[in-house]
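[1] Sequence and predicted structure are below.
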Amino acid sequence: MKKLLILVGVLVLAAGSGWWLREKFRRPEAGLSLYGNVDIRGVDLGFRVAGRLGEVLKDEGDAVQAGELLARLDAQPYAHELARAEAELAAAVADQQLKKAGYRSEEVEQARAAMEESRVAAMDAVRAYQRQLGLVGGGGTSQQNLETAEAARDQAKQREIFNAAKLKLLEAGFRAEEIAAADAKVGQATAARASAALHLEDTQLKAPSAGVVLTRALEPGAIVPAGATVLSLSLEQPVWVRAYVHESELGKVPPGTKVLLTTDGRPGRPFHGKVGFVSPRAEFTPKSVETPELRTSLVYRLRVVVDDSDGSLRQGMPVTVTLDPTPP
C-alpha cells in the first residue's frame with residue numbers, strides 16, 4: 001500500500017511538471033483573442049473663404065475620389081479681386097521699370113539745352129554789367145542802370161546754377177532708395193496677387209482623399225462663413241481597429257504583429273491587419289468593448305491597421321482580433 005501511494009505521488013508530480021513545462025515553453029500566441037471596434041477616420045469639409053454657396057455636386061452616400069470636386073462657391077467676387085490685384089501689380093512693375101531705366105533721353109537733352117541757354121544769358125549779363133560799370137565813372141550812365149545790370153547779372157548766374165543742377169539730377173537718374181521702394185511695391189503687389197488667386201481657388205471644395213459622403217449640411221444659395229461644414233466625409237483609408245489587451249498578454253502583440261480580424265457578418269472570411277501602435281499607458285476597459293473579463297480591469301490600448309478592407313467595415317463595428325498563424 002505504501003508503494004502504491006509513492007507511485008501515485010510520483011505520477012502526480014510528473015503530471016504537474018509536464019503541465020508547468022508546457023505552459024513555460026508553449027507558443028506565446030496560442031489562444032489569444034482580443035475584442036475591439038472599427039475606427040474609421042472622418043473629416044468635416046468647408047471653404048477657407050466666405051461666400052454664397054453656388055453648387056453642391058455630391059449627396060449623402062456618394063463615393064468620392066481624392067481631388068474630386070465636391071462643391072463650389074459663387075466665384076465672381078474673388079475673380080474681381082484677382083483682376084484688381086493683377087492691375088495693381090502691373091502698375092507697380094511699370095513704376096519699377098521707370099525707376100530703374102531713369103529719365104528719358106529727351107528730358108536730359110532738354111535740360112542740357114536749358115542749361116546752355118542760361119550759361120549764354122549769364123555771360124551776356126556779365127558783359128552788360130561791365131559796360132555799365134565803365135560808363136558810370138564818366139557820367140555816361142546812371143547809378144540806377146548800373147545796379148539794374150548788376151541784378152540782371154546775378155539773376156542770370158543763379159539761373160545757370162539751377163539749370164546745371166537740374167541737368168545733373170536727370171543724368172544721375174532716380175536714387176537707390178526710390179528704386180528700392182519701387183521693388184518693395186512690386187513685391188507687395190505680387191503677394192496680393194498670389195493671395196487673390198488662392199482665394200479664387202478656395203471657392204472650389206475638393207475631396208482630400210477617397211471616401212464616402214456622410215452628411216450634406218448646406219444647400220446651394222446659403223451664405224457660408226469661412227470654415228463652416230458643408231460636407232462630412234468618411235475616409236476609405238486608413239481603416240483601424242481599436243482593441244485592448246491585458247498586461248499578461250501584452251508581450252504577444254508587439255507593433256508589427258500580424259493579426260486576423262473577424263466580424264459577425266463574415267466569420268469565415270477574416271480581414272488581415274497588423275498591430276501599428278500599443279499605448280504605453282494603462283487604462284480601464286471602455287464599456288463599448290465586449291470582453292469576458294471584468295470591465296474594471298486595466299488594459300493597454302492598441303491600434304490595428306487593416307490591410308485589405310473592402311468597404312464593408314463600418315465605424316464602431318465590433319471585431320474579434322486573433323493572431324495570424326501564417327509565418328511572417
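    Nice, I can see it. All figures in this text were calculated on a predicted structure; none of them were measured in a lab.
[2] for residue 42, what are its contacts?
    Residues near residue 42 by CB atoms under 8 Å, 6 or more residues apart in numbering: 211, 214, 232-235, 315. Using the backbone N, CA and C atoms, a C-beta is placed for each residue, glycine as well.
[3] same deal with residue 179?
    96, 99-100.
[4] Just the buried residues of the residues you listed.
    Buried members of the contacts of residue 179, scored by 16 or more other CB atoms under 10 Å, are 96, 99.
[5] Run through the helices of the stretch 101-250 of the chain in chain order.
    105-136, 143-172, 176-201 (DSSP state H, counting those that start in this stretch).
[6] As a markdown table, those helices with distance to residue 324 would be great.
    Output for the helices of the stretch 101-250 of the chain, formatted as a markdown table (distance: least, CB to CB, whole Å):
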| stretch | distance to residue 324 |
| --- | --- |
| helix 105-136 | 84 |
| helix 143-172 | 82 |
| helix 176-201 | 46 |
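[7] Ok, which of these comes nearest residue 72?
    helix 176-201 (10.8 Å; CB to CB).
[8] State the mean pLDDT of the closest one.
    Helix 176-201 comes out with an average pLDDT of 93.
[9] one step back: quick check: ChimeraX command selecting the buried ones in the contacts of residue 42.
    A single ChimeraX command suffices to select whichever of the contacts of residue 42 are buried according to 16+ other CB under 10 Å:
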select :211,232,233,235
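[10] Which ones among the contacts of residue 42 map onto strands?
    211, 214, 232-235 (DSSP state E).
[11] Any regions of the stretch 101-250 of the chain where pLDDT drops low?
    105, 137-140, 171-172 (pLDDT under 70).
[12] Can you name every helix or strand that the helix or strand hosting residue 80 contacts?
    For residue 80, the enclosing helix or strand under DSSP states H and E is helix 76-101. Applying 3 or more CB pairs under 8 Å, 6 or more residues apart in numbering; DSSP states H and E, one finds that helix 76-101 makes contact with helix 176-201.
[13] In the helix it packs on, which residues are buried?
    179, 182, 185-186, 189, 192-193, 196, 199-200.
[14] Where does the nearest residue to residue 278 once chain neighbours are set aside sit, in terms of helix or strand?
    Nearest residue to residue 278, sequence neighbours excluded (CB to CB, 6 or more residues apart in numbering): residue 302, at 4.6 Å. Here residue 302, judged by DSSP H and E, is contained in strand 298-306.
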